[in-house]
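Q: here are the coordinates; sequence isn't available:
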């Protein structure tokens, strides 16, 4: 296609030059001449590419290979001129133009050599540019693959940090309970086992449906419910339409855990935490709100502890600029974490089943609506 276009442009230039000079009847002659010139160059281009691959001029030691390409130019020019002469001698009589006169051949080889040197140089430049682009593209792909691998490793590392973080806090809670309420401690151990098994099932995936994440949160709330009864209420208000939305695995539990430890439950012995999930067009809104005193003015909540900082880092790695994350005091009291991520579902996910959705967190059967789970705070060192 490229060589056809170049031949056509060359033909247009020469034919219109003949028209300007009032030399009629040269259309077919010019067409054959420039077509044979373009297609002969096309056939020889492959040879130039082969020679350049064997003796590249864009690699170390290229100066030693220059004589080979000088010889290549000579061979290319001789072959090109011979092909022009042979093809035109054959085609002109067939087109009714009579015998083709190419002039004195020894001088014709010398005359065409200058043009062929330029053509050969253009070929070499094109090959070098293409190889440079291919190498650059390959480096970019390798860099992207490396960056993706590093991001995956960092995501796995962040998730692995959250699992022992929660486990240690849960064991502290069980330890504080086992002497005063052995039966409650025994129940908590069973619920902790269920939670760890559920966590291991999603250990190799970075995103899970929201309904699965709410199952994890339900198990966490059950641990606290077994120990503290109804002194803490965890309310979940999630739309049925949000049930199949993909969210980072182990996202809500550490946020709720932080809300419990830093809310009124830690200070006063009773309190409430609200978890909300809404679909907003092409986005999913998640909120975790506690009723505590919030943070002190000027405090960087992302540097205060693992929970929020790990969550912020995971969201950045998973969604880049396509997400929003905010953690701040609520006017009138309390602290809220707000997350907005793209709304996406797993391939093959079905429409939300209101009856199934209502099963989460004790919600009403008609919807994944508000539910209250009695529980209380955990004994652990404070951090957000």
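A: That came through, no problem. Note that the coordinates shown come from a computational prediction; the quantities given were computed from them, not determined experimentally.
Q: alpha carbons only for contacts and neighbour counts from here, please
A: Fine.
Q: what stretches of the stretch 101-250 of the chain score poorly on pLDDT?
A: Segments of the stretch 101-250 of the chain classed as low confidence (criterion: pLDDT under 70) are 146-166, 168-169, 198-204, 224, 226-229.
Q: in whichever helix or strand residue 71 is part of, what's buried?
A: Per DSSP states H and E, residue 71 falls inside helix 66-94. Neighbour-count burial for helix 66-94 flags 69, 72-74, 76-81, 83-85, 87-89, 91-92 (criterion: 16 or more other CA atoms under 10 Å).
Q: That helix - contacts with which helices or strands?
A: On a contact count with 3 or more CA pairs under 8 Å, 6 or more residues apart in numbering; DSSP states H and E, helix 66-94 meets helix 27-54, helix 105-177.
Q: Could I get those helices in TSV, plus columns for mean neighbour count and distance to residue 330?
A: Formatted as TSV, the entries for the helices and strands packed on helix 66-94 read as follows, by neighbours: other CA atoms under 10 Å; distance: least, CA to CA, whole Å:
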stretch	mean neighbour count	distance to residue 330
helix 27-54	17	67
helix 105-177	15	25
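Q: circling back to that earlier point, and the angle for the helix holding residue 71 with helix 27-54?
A: Counting by axes from the mean of the first three to the mean of the last three CA atoms, to 10 degrees, helix 66-94 lies at 150 degrees to helix 27-54.
Q: picking that back up, let's have the helices and strands packed on helix 66-94 in TSV, adding distance to residue 345.
A: As requested, those are arranged in TSV below (distance: least, CA to CA, whole Å):
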stretch	distance to residue 345
helix 27-54	48
helix 105-177	20
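Q: quick one, which of these is nearest to residue 334?
A: With distances scored as CA to CA, the stretch of the helices and strands packed on helix 66-94 nearest to residue 334 is helix 105-177 (22.5 Å).
Q: Could you list the domains of the protein?
A: According to automatic domain parsing, the chain comprises the domains 2-102, 154-375.
Q: most tightly surrounded among those domains?
A: Per-residue neighbour counts averaged over each of those give the maximum for domain 154-375, namely a mean of 18 (mean count of other CA atoms under 10 Å).
Q: gap between it and the chain center?
A: Centre-to-centre, domain 154-375 and its host chain are 26 Å apart (CA atoms, centre = their mean, to the nearest Å).
Q: Likewise for stretch 91-106?
A: The chain centroid and the centroid of stretch 91-106 are separated by 61 Å, computed with CA atoms, centre = their mean.
Q: would you list the domains of the chain in TSV and tack on distance to residue 141?
A: Below are the domains of the chain laid out as TSV (distance: least, CA to CA, whole Å):
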stretch	distance to residue 141
domain 2-102	21
domain 154-375	18
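Q: Hmm, residue 345 and residue 284 touching each other?
A: No: the pair residue 284 and residue 345 fails to qualify as a contact (CA atoms under 8 Å) at a distance of 10.9 Å.
Q: Could you name every residue contacting both of those two?
A: residue 245 (CA atoms under 8 Å, 6 or more residues apart in numbering).
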